[in-house]
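Chemist: give me a model of this one.
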Amino acid sequence: MKISFHGACREVTGSCTLVETKKTKFLVDCGMFQGEDFVSSRNFDDFEFKASEIDFVLLTHAHIDHCGRLPKLFKDGFRGKIYCTAATRDLTTLMLTDSAKIIASEALSHGVDPFYSEDDVFFVSKLFKEMPYNEEIIVAGDIRIRLKNSGHILGSSFFEVWAKEGGQEKKMVFSGDLGNSPARIIRDLDIADGADLVFIESTYAGQEHESREEGQKQIRKAIIDCVKNGGTLMIPIFALEKVQEILYELNDLVENKKIPFVPMFLDSPLAIKATEIYKNYEYLYDKESTELIVSGDDLFDFPGLEFTLSAQQSKTINGLKPPKVILAGGGMCMGGRIQYHLKFNLDDENSHVLLVAYQVRGSLGRKLMTGHKSVVVDNSNIPVRAKVSRVNSYSAHADHSALLSWLKKIKNPKPQHVFVVHGEEESNFKFKEDASKKIKTNFIIPEYGQTYEF
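Modeler: Prediction:
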């Protein structure tokens, strides 16, 4: 059996792992590389394997760094099934459709051909094969799989994979992205019983998250200060999980009168549409959220909140006198309507940018987070006079302690090899160093394009 890595190696983007047995070839995820200049992006590069030879894809969840190159895979010849949960199928189709529009627009502005189109997304959407959690399924003569809840976003999974070769069967566990449990809305992540090989993400290895209570406290203070100063509070958000969690918190703050009234805007068509999909999967919610729904509470709507779906509605927001709160995509400030609001408000010392998402290297959000005094937004150089702060409570990723705890519980069998992926290089090595002291196994930090044989 051969395993090779085609993304998310010593970086947090582009997840794509190829597994080859004598009979079968499959991918775990096929994500887009993010945080880079569009024209020089590796997303244009040819795959290091023949797409037409891939039998199927195991898709862990709908974030674009895990699903974003699926249409390119189809365009290059892939015609197999894509196994995932029903919620992941619906959210991925939404995300890829939006991505195709952005790619087409950016390609046109740079005078190049897009690396996939909306037609490719349409055809990819026909390849999804819905799977429930905790049900074992044979997907090839030598491969069987099972999905378990990873607690990351709605419908997210980690995969248990059994591969039989030469009369022996090896079990692999692919973590995808592990959630920051207990989280708002969705259920806590599951545990894998055992594995021979484990592939574990390390996005927040070496870091510990603040408590949810601390996060709500910081959001509450930011809103109170926004009203007091007559400023604009901007919260860059991702359309999946992040915005739903923040809406959940705001719902609690507003309905329990913990903050003064202030107009709030969800200014992201993608987030608005994703939130509607969330409402179709209430059976995946945790107990607390389910009880609120049963009591008649709409988790994602409250007095003062306006959904601005159209571009015209969005443009009217900056014409309204502060104070106001704007939640807008994208979460790393790269593209999306947040750029329009940053351009309009960053030079205002009464305004505030509250970062609640991971900021990949090279992104505008990372520059704001690290204290740049001026930034380029939509080809304009903007001085940063607004306050910029970060809340580390709402990560949808497990922190260092949670990653280690999850891995330690994989015992029957105990992993012989653990691949540390989907993290910046420093995080990879921090996790390897600490985990090696507590778990006696072989930890490997793969490089892009590297192949291992078992």
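
Chemist: the closest residue to Ile103 other than its chain neighbours: how many residues sit nearby?
Modeler: Among residues not flanking Ile103 along the chain, Pro114 sits closest, at 4.6 Å (C-beta to C-beta, 6 or more residues apart in numbering). Glycine gets a C-beta too; all of them are placed from N, C-alpha and C. Pro114 has 23 neighbouring residues, counting by other C-beta atoms under 10 Å.

Chemist: in which helix or strand would I find Pro114?
Modeler: Here Pro114 sits in a region with no helix or strand, counting by DSSP states H and E.

Chemist: so it touches Ala100, yeah?
Modeler: Yes - counting by C-beta atoms under 8 Å, Ala100 is a contact partner of Pro114 at 7.5 Å.

Chemist: which parts of the longest helix belonging to the chain are buried?
Modeler: Criterion DSSP state H: the longest helix present in the chain is helix 86-110. Residues of helix 86-110 classed as buried under the neighbour-count rule (16 or more other C-beta atoms under 10 Å) are 87-100, 102-103, 107.

Chemist: Val384: what's it in contact with?
Modeler: By C-beta atoms under 8 Å, 6 or more residues apart in numbering, the contact set of Val384 is 346-347, 368, 372-375.

Chemist: and what of Gly31?
Modeler: 7-8, 13-16, 63-69.

Chemist: tell me which of those residues is nearest to Asn251?
Modeler: His63 (23.6 Å; C-beta to C-beta).

Chemist: strands of the stretch 1-150 of the chain, start to end?
Modeler: 2-5, 17-20, 25-28, 56-58, 81-84, 128-130, 137-140, 143-149 (DSSP state E, counting those that start in this stretch).

Chemist: can you put these in CSV and add distance to Lys324?
Modeler: Below are the strands of the stretch 1-150 of the chain laid out as CSV (distance: least, C-beta to C-beta, whole Å):
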stretch, distance to Lys324
strand 2-5, 45
strand 17-20, 44
strand 25-28, 42
strand 56-58, 42
strand 81-84, 38
strand 128-130, 39
strand 137-140, 49
strand 143-149, 37
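
Chemist: reformat the ones you listed as a markdown table; add mean pLDDT and distance to Lys258.
Modeler: Converted to a markdown table, these look like this (pLDDT from 0 to 100; distance: least, C-beta to C-beta, whole Å):
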| stretch | mean pLDDT | distance to Lys258 |
| --- | --- | --- |
| strand 2-5 | 98 | 46 |
| strand 17-20 | 98 | 44 |
| strand 25-28 | 98 | 42 |
| strand 56-58 | 98 | 42 |
| strand 81-84 | 98 | 38 |
| strand 128-130 | 98 | 40 |
| strand 137-140 | 97 | 46 |
| strand 143-149 | 98 | 31 |
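
Chemist: mind putting these in JSON lines, mean neighbour count and distance to Gly206 included?
Modeler: Output for the strands of the stretch 1-150 of the chain, formatted as JSON lines (neighbours: other C-beta atoms under 10 Å; distance: least, C-beta to C-beta, whole Å):
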{"stretch": "strand 2-5", "mean neighbour count": "19", "distance to Gly206": "21"}
{"stretch": "strand 17-20", "mean neighbour count": "21", "distance to Gly206": "23"}
{"stretch": "strand 25-28", "mean neighbour count": "22", "distance to Gly206": "24"}
{"stretch": "strand 56-58", "mean neighbour count": "23", "distance to Gly206": "28"}
{"stretch": "strand 81-84", "mean neighbour count": "22", "distance to Gly206": "30"}
{"stretch": "strand 128-130", "mean neighbour count": "16", "distance to Gly206": "35"}
{"stretch": "strand 137-140", "mean neighbour count": "15", "distance to Gly206": "35"}
{"stretch": "strand 143-149", "mean neighbour count": "21", "distance to Gly206": "25"}
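
Chemist: so which of these gets nearest Phe431?
Modeler: Comparing those by C-beta to C-beta, strand 2-5 comes nearest, at 16.4 Å.

Chemist: show me the contacts for the spatially most central residue of the chain.
Modeler: With distances taken as C-alpha atoms, centre = their mean, the chain has His63 as the residue nearest its mean C-alpha position (4.1 Å). Neighbour list for His63: 31, 95, 153, 177, 238, 240 [criterion: C-beta under 8 Å, 6+ apart].

Chemist: repeat the analysis, applying 7 Å as the threshold.
Modeler: 153, 240 (C-beta atoms under 7 Å, 6 or more residues apart in numbering).

Chemist: any idea how far it is from Pro260?
Modeler: 34 Å (C-beta to C-beta, to the nearest Å).

Chemist: got the domain boundaries for this structure?
Modeler: 2-207+396-453, 212-390 (automatic domain parsing).

Chemist: ok, now which ones touch Val198?
Modeler: Taking C-beta under 7 Å, 6+ apart, one finds 173, 407, 410, 415, 418 in contact with Val198.

Chemist: let's see that with 6 Å instead.
Modeler: By C-beta atoms under 6 Å, 6 or more residues apart in numbering, the contact list for Val198 reads 173, 415, 418.

Chemist: which strand or helix spans the second one?
Modeler: Using DSSP H and E, Pro415 sits in no helix or strand.

Chemist: again with the first one
Modeler: Element membership of Val173, judged by DSSP H and E, is strand 168-174.

Chemist: give me the contacts around that strand.
Modeler: By C-beta under 6 Å, 6+ apart, the list of residues contacting strand 168-174 reads 28, 159-163, 192, 195-199.

Chemist: tell me the strands beside the very next helix or strand once past it, with direction?
Modeler: Counting by DSSP H and E, the element after strand 168-174 in chain order, helix or strand, is strand 197-201. Partners of strand 197-201 in the sheet, by DSSP bridges, are strand 168-174 (parallel), strand 417-421 (parallel).

Chemist: low pLDDT regions in this structure?
Modeler: 36-40 (pLDDT under 70).

Chemist: no more questions from me, cheers.
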